[in-house]
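**Student:** turn this into a model:
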Amino acid sequence: MSSILAPLYKWTERNPDTLLFAFLDGEGGTTESYTYSQFQQRTTDIASHIQQTFPMQPGERVLLAYPPGVEMICAFFACVRSGLIPVPVYPPTSHGFQAARAKTEFIARDCQAIAVLTDRSYYWSMKLNQTRNSVATLSFRRAYLSTLRWIVTTDADKGARAHLAEAHSDVLFLQYTSGSTSEPKGVMVTHDCVLENCEAVVDHLPVGVSWLPQYHDMGLIGYYIFFALKGGTTYGFSPVDFIQRPALWLETISKYRGTASSAPNFAYEYCLRPDKLPAAALEGLDLSSLRFLMTAAEPVRAGVCRDFIRRFEPYGLNPRSFFSAYGLAEYTLAVSNYGRTIKDFDRAALRGHQIQPANADTQAADITTLVSCGRALGTTEVRIVEVTGAPREAGDREVGEIWIRGGSKCRGYWKRPELSASVFEARLPGEPEGSAGWLRSGDLGFLFDNELYVCGRLKDMLIVRGLNYYPQDIEALVEEDPRVRKGCVAAFACEGDGCETLVVVA
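**Tutor:** Below is the predicted model:
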C-alpha cells in the first residue's frame with residue numbers, strides 16, 4: 001500500500017530540524033515556518049482536532065478553504081494521515097465573491113463533501129462577505145455549503161499527545177479542473193501517481209520558491225508535496241504579493257539561494273516591465289543558485305523567453321536553468337520538461353495540421369515560432385493522434401491531439417465513469433483490450449526531434465473561410481498594436497448568420 005507519508009516520515013526521522021516550509025509577507029519577512037519535526041507535530045494537532053471535533057470515516061471528502069499560508073498544507077497532510085480525501089478550493093474573497101462561492105458550492109455538491117477546513121481569519125471573513133454581498137439568507141440556507149460542518153484548524157491545541165488513529169485512502173486528493181470551458185471536474189489523484197511523478201520531476205535536493213496558488217496543481221504538488229517528499233525546503237508567499245511587488249520573487253530566490261521555481265508565461269513577461277520591476281530593484285540580485293526555472297501552464301512566448309534570459313543573465317541566471325514544460329491535472333502534474341529549443345515553423349502548413357520548419361526564404365509574417373516543452377519524463381509515453389475520423393497515430397510531420405500514458409496518469413474523474421472512460425482509457429487501433437489506456441489531453445501538438453511542441457487546445461481551434469487558426473496566433477498579432485495591453489486579448493469564434501465569425505476582444 002503506497003503512501004506519500006512514507007518518504008515524508010523518512011526525512012522527518014533523518015533531518016528533523018531541517019526547515020521544510022516558510023511563508024513570507026510582502027516585504028519578505030517570515031510569517032510562519034516549520035521544520036520537518038514541527039510540521040509532523042502540527043499535522044498531528046490538526047488531525048487530532050478533526051477526530052475529536054467531527055469524526056469522519058476514511059474516504060470522506062473535505063474542502064480546504066484557506067488564504068495563502070502553510071496552515072492549508074498542514075491541513076492537507078492531516079487529512080491524508082486520517083484517510084480523508086482533501087479537496088483544495090479557491091477561497092471566495094471580497095473580490096468576485098458570489099462567482100467564487102458558486103464555484104465552491106458546485107465543487108462541494110459534486111464531491112459530496114461533509115466538512116470544510118479553514119482558519120479563524122477566513123472563517124469570519126467568509127461570514128462578513130456573505131453579509132456585504134447581500135447573499136439572500138433563504139438562498140444561502142438552501143445552499144449545500146450551509147449544510148457542511150466548518151472546522152477551524154487554527155483552534156487545534158498545539159502539542160497534542162493524544163493517540164492519532166491513522167488511516168489510508170487510495171485516492172490522495174481531488175484536484176478540480178478550472179472549469180473555464182466547462183463545469184469543474186474532480187480528478188482523482190492517487191498516492192502512486194504523485195510518487196511516480198515526483199521521481200520523474202525532482203532531480204536534486206531542492207530549495208523552492210513559489211508564489212503559485214496552493215489550491216492549484218503546479219503550486220500544491222510541485223512545491224509543497226514534491227519537495228516535502230524529497231527532503232527539500234519551500235519558501236512561499238501569496239500571488240497577490242507577487243503582483244504587487246514582483247521583485248519579491250527574485251529577491252527570495254537570491255536571499256535563500258533558491259534552486260527551483262516555476263511560473264506561467266505572464267509572470268516572466270510581467271518581470272520585464274520597467275514600471276513593475278525597475279533596474280534599481282535588481283541591485284545585488286544573484287540568481288546563480290537556480291537549477292530549475294520553469295515556464296508552464298499557459299502558452300509560452302518565445303520572445304518572452306529570450307528577453308527574460310537576456311535581462312537576467314547579467315544577474316547570474318544560467319540560460320540552461322530556464323526551460324518550458326507541459327503537463328495537466330489529469331496526469332498529476334508534469335508530462336514533459338526541459339524544453340529549451342525555440343524553432344520557427346511555416347504558419348500555413350500548421351493551419352493544415354502539417355509540420356514544416358521555416359527556411360531562410362520564409363517571410364516573417366508566414367512564421368509561427370514555438371518553444372519546445374522538452375521530452376517525456378520517466379516512464380511517460382506520448383503519442384500524437386489524428387484529430388479527424390477514427391483515432392490513428394499521426395504521421396511524423398502531422399499535428400494531432402496529444403495522448404499520454406504512464407504511471408502518473410490519474411484514476412479518472414470523480415463519479416463520472418463514462419467521461420472517465422472516454423478521456424482516460426482511449427485506445428489506438430490494434431491495441432488489445434487489456435492494455436493500458438491512453439489519456440486524451442484535448443491539446444494539439446506534435447513531436448519534432450523527439451521533443452513535444454504544443455499548438456493549442458483542440459476545442460479552441462478557429463476555422464475561418466475553411467482555414468484552421470490558433471487563437472493565440474491571432475491574439476499575438478493584435479497585441480502588436482501598442483495601444484493594446486499584452487495578455488488582455490481573447491480571440492474566439494461565434495456563430496452568426498449561418499457561418500462562424502471571428503471575434504476578438506481586446
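**Student:** could I get the buried residue list for the top helix by length along the chain?
**Tutor:** Across the chain, the longest stretch assigned as helix under DSSP state H is helix 36-53. Across helix 36-53, burial judged by 16 or more other CB atoms under 10 Å covers 36, 38-51. C-betas here are computed from N, CA, C, even on glycine.
**Student:** tell me what it is packed against?
**Tutor:** Helix 36-53 is packed against helix 5-14, strand 19-24, helix 71-81, strand 149-152, with contacts defined by 3 or more CB pairs under 8 Å, 6 or more residues apart in numbering; DSSP states H and E.
**Student:** what sits up against the longest one?
**Tutor:** Outside of helix 71-81, the residues that reach it under the criterion CB atoms under 8 Å, 6 or more residues apart in numbering are 3-5, 8, 21, 32, 34, 39, 42-47, 50, 62, 64, 66, 85-86, 88, 117, 119, 153-154, 164, 166-167, 169, 172-173, 214-215, 220, 224.
**Student:** now swap in the last one and tell me
**Tutor:** Taking CB under 8 Å, 6+ apart as the criterion, the residues outside strand 149-152 that touch it are 49-50, 53-54, 114-120, 123.
**Student:** what is the burial count for Glu431?
**Tutor:** Neighbour count of Glu431, defined by other CB atoms under 10 Å: 12.
**Student:** ditto for Pro429
**Tutor:** There are 8 residues near Pro429, going by other CB under 10 Å.
**Student:** just the CA atoms of stretch 184-191, as PDB, please.
**Tutor:** Backbone C-alpha positions of stretch 184-191 (Å, rounded to 0.1, in the frame of the first residue of the first chain) are rendered in PDB as follows:
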ATOM      1  CA  PRO A 184     -15.100  21.800 -13.000                       C
ATOM      2  CA  LYS A 185     -14.300  18.100 -12.800                       C
ATOM      3  CA  GLY A 186     -12.600  16.400  -9.800                       C
ATOM      4  CA  VAL A 187      -9.500  14.500 -10.900                       C
ATOM      5  CA  MET A 188      -8.800  11.500  -8.600                       C
ATOM      6  CA  VAL A 189      -5.100  11.800  -7.800                       C
ATOM      7  CA  THR A 190      -3.700   8.700  -6.100                       C
ATOM      8  CA  HIS A 191      -0.600   8.200  -3.900                       C
END
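**Student:** run the chain-centre distance for that stretch.
**Tutor:** Remark: stretch 184-191 is offset 13 Å from the chain centroid, using CA atoms, centre = their mean, to the nearest Å.
**Student:** ok, and what's touching that stretch?
**Tutor:** Contacts for stretch 184-191 (CB under 8 Å, 6+ apart): 2-4, 87, 103, 106-107, 110-111, 170-179, 221, 329-330, 332, 410-416, 419.
**Student:** what's the mean pLDDT across it?
**Tutor:** Stretch 184-191 comes out with an average pLDDT of 96.
**Student:** one step back: and the contacts of strand 149-152 as TSV, adding pLDDT and distance to Gln354?
**Tutor:** Listed next are these as TSV, based on pLDDT from 0 to 100; distance: CB to CB, whole Å:
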residue	pLDDT	distance to Gln354
His49	94	60
Ile50	95	56
Thr53	92	61
Phe54	95	59
Ile114	97	52
Ala115	97	53
Val116	96	51
Leu117	97	51
Thr118	95	52
Asp119	93	54
Arg120	91	58
Tyr123	78	56
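**Student:** scan the residues you listed and report the most crowded one.
**Tutor:** Busiest of the contacts of strand 149-152 [other CB under 10 Å] is Leu117, holding 27 neighbours.
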